[in-house]
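K.L.:
Kindly return the folded structure for what I paste below:
(4 chains)
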There are 2 protein chains.
Amino acid sequence: MGETTEPRTIQAVGITLEIIDYLHETDGARVTEIAEGIGRSKGTVHCHLATLLDYEHVIKSGERYTLGLRYLELGEGVKQHLGIYDVVADELDDLAGECEELVQFATEEHGRAVYLYKKGGERAVQTASTVGKREHLHCISLGKAMLAHYPRERVEEIIDRHGLPAYTEETITSRDELFSTLDTIRERGYAFDDEEKIDGLRCVAAPVNGANDEVIGAVSISGPSSRMTGDRYYEELPNKVIRSANVIEINAKFS
Amino acid sequence: MGETTEPRTIQAVGITLEIIDYLHETDGARVTEIAEGIGRSKGTVHCHLATLLDYEHVIKSGERYTLGLRYLELGEGVKQHLGIYDVVADELDDLAGECEELVQFATEEHGRAVYLYKKGGERAVQTASTVGKREHLHCISLGKAMLAHYPRERVEEIIDRHGLPAYTEETITSRDELFSTLDTIRERGYAFDDEEKIDGLRCVAAPVNGANDEVIGAVSISGPSSRMTGDRYYEELPNKVIRSANVIEINAKFS
DNA sequence: GAGAACTGTTCGTAACACACAAACAGTTTA
DNA sequence: TAAACTGTTTGTGTGTTACGAACAGTTCTC
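P.N.:
Predicted structure coming up:
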């Protein structure tokens, strides 16, 4: 059942996009597997793949279909279009070297956080996040840092759409609690994540403003709770993310 | 006229892919502009964009539609799926520092070269090539280095499909000349590009073999003809690209 | 400030494209 | 050797889709 929320949406296009997503998730697949995966007939999937092949969006090695390098080109285009990618990369490389923890930059799209860049210091934790990965906003420091500067109705819309699912015991799951936390974050200027998404992981994040004082993303530092304590967690690292956020803001304005 | 070369291809999908390509080329556009650009009615384009929006493949800021960050995720997936990206990046960074010229890595897909990575040394030339960019194979050193190790019928197919268009006075435009050049390259082990694509630009490239001795890509060094002369052009740099190609081959086998 | 020339969106319709199911040709398994 | 898989092809009817025109807003222009 290809659920079409919007009116006047095109079924055939939806099927193709589902195939593309499926190929992405599985790193390539065969016709029957895709057909079962998206719940369509083999014949249908075959026609869609023939079209994608014709437009060189997929490649076919033997019987396996894989996403083509055109998506590398499209991804590169999106990256460059953002305009801040290079600035972010430079600054985060510095920050990672300085604090020797995992540092990340994310922006918001369609109500979720999207990681744009990550850099692990020497002893940094390894998380499942990768560039392009999407995540709920309410349970991570990056997300809360951005939400804190959104108008309330915008936050309400996002909650309506994506909910407030719990990941750990500490995840914020009520609207009231989220809004009061966001108030604190707005006043303080930075956000914490105290094991709200992953047990044993603490993070700090600060928002990055664009030209019109709109939030365009956020910088975070993540580490194991054992290392994220005392002054380091509550003062030193917050100061570092704020400083990095400022560096990105300034450099973004001159590029 | 949405020309459909393959039989049983889906028109609606073709239109959407053309819209995606158009949005990529223009860094975002409005409905009317897209409609004119791809030769379809406004209503049609509107429905396709509504679908792409529904699946979060594009974003809408005001009246402008732009490719979404999902393409960053898809591009990253393709990159990781290749398996050699990180190895290539490390080695090319070294090579660029060593020779202080533009170094590049490309692979072949659908009969054309696709750039995967580039790194400019200090005084390196700036070319229009970017990651994901596609180029004809016959007129660049990277392309010839790969073609030299393809079976003849495969090369014929590629020529049939893409032709041998001339870019400069030096571009190879006849099949016979190309095949005899490829013979030389195969024996010698590396390929030159003596202003065959861009006036004033000389390059050297060596092929990179994968697990089954199949060519999986090539490494090149490019520079202004004024600096690419004598022993440096004919011995020193060829040795460097061959060495880098070997390093990539070895590291690729252990990852 | 009125109208013209733009937008993007919605809607009805008729042509036709598409998704299905079933048949087909190869391969691998049992 | 047959059975159980592949991927591909084909015919067919229904429902989709692309179009064009009408609609509602904006932004010009004079």
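K.L.:
which one in chain A is furthest away from the centre?
P.N.:
residue A:43 (35.0 Å; CA atoms, centre = their mean).
K.L.:
which strands and helices sit next to the helix or strand in which it is found?
P.N.:
In the assignment (DSSP states H and E), residue A:43 maps to helix A:42-54. Contacts defined by 3 or more CB pairs under 8 Å, 6 or more residues apart in numbering or on different chains; DSSP states H and E place helix A:42-54 against helix A:11-26, helix A:31-38, strand A:58-61, strand A:64-67, helix B:11-26. In this view, the C-beta of every residue, glycine as well, is placed from N, C-alpha and C.
K.L.:
Any chance of those in JSON lines with mean neighbour count as columns?
P.N.:
Formatted as JSON lines, those follow (neighbours: other CB atoms under 10 Å in any protein chain shown):
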{"stretch": "helix A:11-26", "mean neighbour count": "20"}
{"stretch": "helix A:31-38", "mean neighbour count": "16"}
{"stretch": "strand A:58-61", "mean neighbour count": "16"}
{"stretch": "strand A:64-67", "mean neighbour count": "20"}
{"stretch": "helix B:11-26", "mean neighbour count": "20"}
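K.L.:
can you redo the ones you listed as TSV with mean pLDDT and distance to DNA strand C?
P.N.:
Formatted as TSV, the helices and strands packed on helix A:42-54 follow (pLDDT from 0 to 100; distance: least, CB to the nearest atom of the strand, whole Å):
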stretch	mean pLDDT	distance to DNA strand C
helix A:11-26	96	3
helix A:31-38	95	8
strand A:58-61	94	15
strand A:64-67	96	14
helix B:11-26	96	4
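K.L.:
all strands in the stretch 151-255 of chain A, in order from the N-terminus.
P.N.:
Secondary structure of the stretch 151-255 of chain A (DSSP state E, counting those that start in this stretch): strands at A:191-194, A:201-209, A:215-224.
K.L.:
could you redo the ones you listed as TSV and give each row mean neighbour count and distance to DNA strand D?
P.N.:
Listed next are those as TSV, based on neighbours: other CB atoms under 10 Å in any protein chain shown; distance: least, CB to the nearest atom of the strand, whole Å:
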stretch	mean neighbour count	distance to DNA strand D
strand A:191-194	22	35
strand A:201-209	26	25
strand A:215-224	25	23
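K.L.:
Looking at those, spot the one closest to chain B.
P.N.:
For chain B, the closest of the strands of the stretch 151-255 of chain A is strand A:215-224, at 11.2 Å, according to CB to the nearest CB.
K.L.:
Spell out whether that closest one and chain B are in contact.
P.N.:
No: using CB under 8 Å from any CB of the partner chain, we find that strand A:215-224 stays clear of chain B, coming within 11.2 Å at best.
K.L.:
residue of the stretch 1-150 of chain A with the smallest distance to DNA strand C?
P.N.:
Relative to DNA strand C, the nearest point of the stretch 1-150 of chain A is residue A:43 (2.7 Å; CB to the nearest atom of the strand).
K.L.:
burial count for the residue of the stretch 51-200 of chain A found nearest DNA strand D?
P.N.:
For the stretch 51-200 of chain A and DNA strand D, the shortest gap (CB to the nearest atom of the strand) falls at residue A:63, measuring 4.0 Å. When neighbours are counted by other CB atoms under 10 Å in any protein chain shown, residue A:63 registers 9.
K.L.:
got it, and residue A:74?
P.N.:
Burial of residue A:74 is recorded as 23 neighbouring residues (other CB under 10 Å).
K.L.:
if I read this right, it contacts residue B:69, doesn't it?
P.N.:
No: checked against CB atoms under 8 Å, the pair residue A:74 and residue B:69 is beyond contact range at 11.0 Å.
K.L.:
Residue numbers of the stretch 51-200 of chain A in contact with chain B?
P.N.:
Checking the stretch 51-200 of chain A against chain B by CB under 8 Å from any CB, the hits are A:51-57, A:59, A:66-81, A:107, A:109-110, A:114, A:116, A:130-134.
K.L.:
which among these end up buried?
P.N.:
Neighbour counting by 16 or more other CB atoms under 10 Å in any protein chain shown classes A:51-57, A:59, A:66-79, A:107, A:114, A:116, A:131-134 among these as buried.
K.L.:
mind listing what the closest residue to DNA strand C within the stretch 151-255 of chain A touches?
P.N.:
DNA strand C sits closest to residue A:157 of the stretch 151-255 of chain A, with a gap of 17.3 Å, by CB to the nearest atom of the strand. Contacts for residue A:157 (CB atoms under 8 Å, 6 or more residues apart in numbering or on different chains) come out as residue A:111.
K.L.:
what do you get if the cut-off is 10 Å, keeping everything else the same?
P.N.:
With contacts defined as CB atoms under 10 Å, 6 or more residues apart in numbering or on different chains, residue A:157 is in contact with A:111, A:150, A:151.
K.L.:
for residue A:55, same thing?
P.N.:
A:68, A:70, B:6, B:9, B:13, B:14, B:16, B:17, B:18, B:20, B:21.
K.L.:
Output those in CSV; the columns should cover distance to residue A:209.
P.N.:
Listed next are the contacts of residue A:55 as CSV, based on distance: CB to CB, whole Å:
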residue, distance to residue A:209
A:68, 37
A:70, 34
B:6, 49
B:9, 47
B:13, 40
B:14, 41
B:16, 35
B:17, 36
B:18, 37
B:20, 31
B:21, 33
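K.L.:
Tell me which two in those are the farthest apart.
P.N.:
The span of these, defined through CB to CB, is set by B:6 and B:20 at 18.5 Å.
K.L.:
quick revisit: I figured the residue of the stretch 1-150 of chain A closest to DNA strand C hits residue A:32, correct?
P.N.:
No: using CB atoms under 10 Å, residue A:43 makes no contact with residue A:32, being 11.3 Å away.
K.L.:
quick one on the thing from earlier: what's the spacing between the closest residue to the residue of the stretch 51-200 of chain A closest to DNA strand D other than its chain neighbours and DNA strand D?
P.N.:
Leaving aside its chain neighbours, residue A:63 sits nearest to residue A:30 (5.2 Å; criterion: CB to CB, 6 or more residues apart in numbering or on different chains). Between residue A:30 and DNA strand D the distance is 3 Å, computed by CB to the nearest atom of the strand, to the nearest Å.
K.L.:
Look up the pLDDT of the residue in the stretch 151-255 of chain A positioned nearest to DNA strand D for me, please.
P.N.:
The nearest approach of the stretch 151-255 of chain A to DNA strand D comes at residue A:212, 16.8 Å away (CB to the nearest atom of the strand). pLDDT, residue A:212: 79.
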